[in-house]
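Visitor: here is a sequence together with a model predicted from it:
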Amino acid sequence: MKKGISKGAIAARASREVKDGMYVNVGYGIPNLVPEYLAGRDVFVHAENGIIGMGPLARKGQEDPDVVNAAKQPVTIVPGGAIVSQSDSFMIIRGGHLAMTFLGAFQVSERGDLANWKGPGDGIPGMGGAMDLAVGAKRVVVTMTHTDKDGAPKIVKECSFPLTGRKCVSLIVTDLAVIRVADNGLILEEVAPGFTAAEVQRATEPALTVSPGLKEIAPP
Amino acid sequence: MDKVVKSSDEAVADIGDGAVVMSGGFGLCGIPENLIRALVAKGSRNLTIIANNLGSTDSKDGKIYGVGLLVRNAQVRKFIGSFPGPIAKFPWFMEPYRSKALELEIIPQGTLNERIRCAAAGLGGFYTPTGVGTPIEEGKEKRVLGGREHILELPLHADFALVKAHRGDRSGNLIYRRSARNYNPVMAPAASVTIAEVEELCEVGAFDPDGVHTPGLFVSMVVKGERYEKRY
């Protein structure tokens, strides 16, 4: 079977949504890779646990247990970074002070509903900061695999998993495609190298409108 | 004013069965690890624990630390937090969870800390758009404010707050370090009794007033943490 782009390439493509001067947040999973592609950019990355100006992961031997990201991994703080309490961190999130957030997902609906906290496994669900980010960030970009482990579409007409937020997703970046959530449905903007629009449609439940400017996802 | 107590054991001596206890920290970062160890040793039962995570795993040995140690020791009746995390793979968690001896109230992280802040600030609650259209809104008052749906959330108060600071003076002024700040300054004002453990204990007057993160006004007791593992 043909393969889409790697998780790193998904994060790299998503990182291109970020413009200089932005304050952006990243969640767990693939989004956690996004900061690695923002190094050297004039951008501040916010981590929900209270860092503004999060840098790349700490190098081995240079970990500081007092400096971790939302996934509890040791990270670095860039020059000009700042530390805030949880209260201020979620004021930043809920209050609309972030230009963008990158979140993972179990499912996204054709209206941009997001389900990312209670999935198929029998683990104990927890949403962490995702519900606040879904309502508070100016733009929600989802990075995920296009289908689940069984090949079922994760872009669906209606989410079957409990929602994180309603009509909150603006853009979906997957291993197969870049899809924009518009008022009148989903617009297929980009496809992974080697994939056609028809192949992406077959892996997607709702109908996609192919953008007149359809192009290939550029490599990292 | 001198609020220093001699040991973590002495600091937690009044935390009895059935107490509602908040613990600062995110994952294992900024947790009051000495006070948690002391509370495990004391063995108080039927506790309600309010914390972001239900403990978290050390990336090196894969074991649960933080308030998860209280669950392992069968001391917790209810957990209120936003991300229980990897604890589900441990039978000492799953068994009481399945039998409902251990109740979980999982809420959005921003709602968790704002409920704590509300209790600290003497407010009756707040309306938030977080959770609208999700299972979180069930049973809650809804109101359209500024053209947007909101749900009413109520304050979350504790009998005891256990917080951890990098430095503290004898009167309870606290200074946190890096992302170990997290919930600690939010929880310190939200409990009847607040116990702060510090890595470095300083004399009153050692801190520049501009640099104090949590004023001692919110702190009942200060203890110098006996031993820091600072796992991650």
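Guide: Yes, it's here. Residues are numbered from 1 along each chain as shown, chains lettered A, B, ... in the order given.

Visitor: got the contact list for B:Gly81?
Guide: A:126, B:49-54, B:104-107, B:112 (C-beta atoms under 8 Å, 6 or more residues apart in numbering or on different chains). From N, CA and C alone the C-beta is placed, and that goes for glycine too.

Visitor: which strand residues bridge it?
Guide: Listed by DSSP bridges, the beta-bridge partners for B:Gly81 are B:Ile106.

Visitor: dump the contacts of B:Gly81 to JSON lines, plus neighbour count and secondary structure.
Guide: Listed next are the contacts of B:Gly81 as JSON lines, based on neighbours: other C-beta atoms under 10 Å in any protein chain shown; DSSP: H, G, I helix; E, B strand; the rest coil:
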{"residue": "A:Gly126", "neighbour count": "22", "secondary structure": "coil"}
{"residue": "B:Ile49", "neighbour count": "27", "secondary structure": "strand"}
{"residue": "B:Ile50", "neighbour count": "25", "secondary structure": "strand"}
{"residue": "B:Ala51", "neighbour count": "28", "secondary structure": "coil"}
{"residue": "B:Asn52", "neighbour count": "30", "secondary structure": "coil"}
{"residue": "B:Asn53", "neighbour count": "27", "secondary structure": "strand"}
{"residue": "B:Leu54", "neighbour count": "30", "secondary structure": "coil"}
{"residue": "B:Leu104", "neighbour count": "18", "secondary structure": "strand"}
{"residue": "B:Glu105", "neighbour count": "13", "secondary structure": "strand"}
{"residue": "B:Ile106", "neighbour count": "21", "secondary structure": "strand"}
{"residue": "B:Ile107", "neighbour count": "20", "secondary structure": "coil"}
{"residue": "B:Leu112", "neighbour count": "28", "secondary structure": "helix"}
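
Visitor: and those residues, which is closest to A:Met54?
Guide: Compare each of the contacts of B:Gly81 with A:Met54 using C-beta to C-beta and the shortest gap goes to B:Asn52, at 17.7 Å.

Visitor: my read: the closest one touches B:Gln109, true?
Guide: Yes. Taking C-beta atoms under 8 Å as the contact criterion, B:Asn52 and B:Gln109 are neighbours in contact, 6.6 Å apart.

Visitor: which neighbours do these two share?
Guide: Residues touching both B:Asn52 and B:Gln109 (C-beta under 8 Å, 6+ apart) are A:86, A:128, B:82-83.

Visitor: what's the spacing between A:Gly8 and A:Ala177?
Guide: 17 Å (C-beta to C-beta, to the nearest Å).

Visitor: look at those two and report which has more neighbours.
Guide: In terms of neighbours (other C-beta atoms under 10 Å in any protein chain shown), A:Ala177 is the more surrounded of A:Gly8 and A:Ala177; the figures are 27 against 13.

Visitor: and the helices in chain A?
Guide: Taking DSSP state H to define them, one finds helices in chain A at A:7-15, A:86-94, A:130-136, A:197-202.

Visitor: so which of those helices is the most packed in?
Guide: For the helices of chain A, ranked by mean neighbour count under the definition mean count of other C-beta atoms under 10 Å in any protein chain shown, the leader is helix A:130-136 at a mean of 30.
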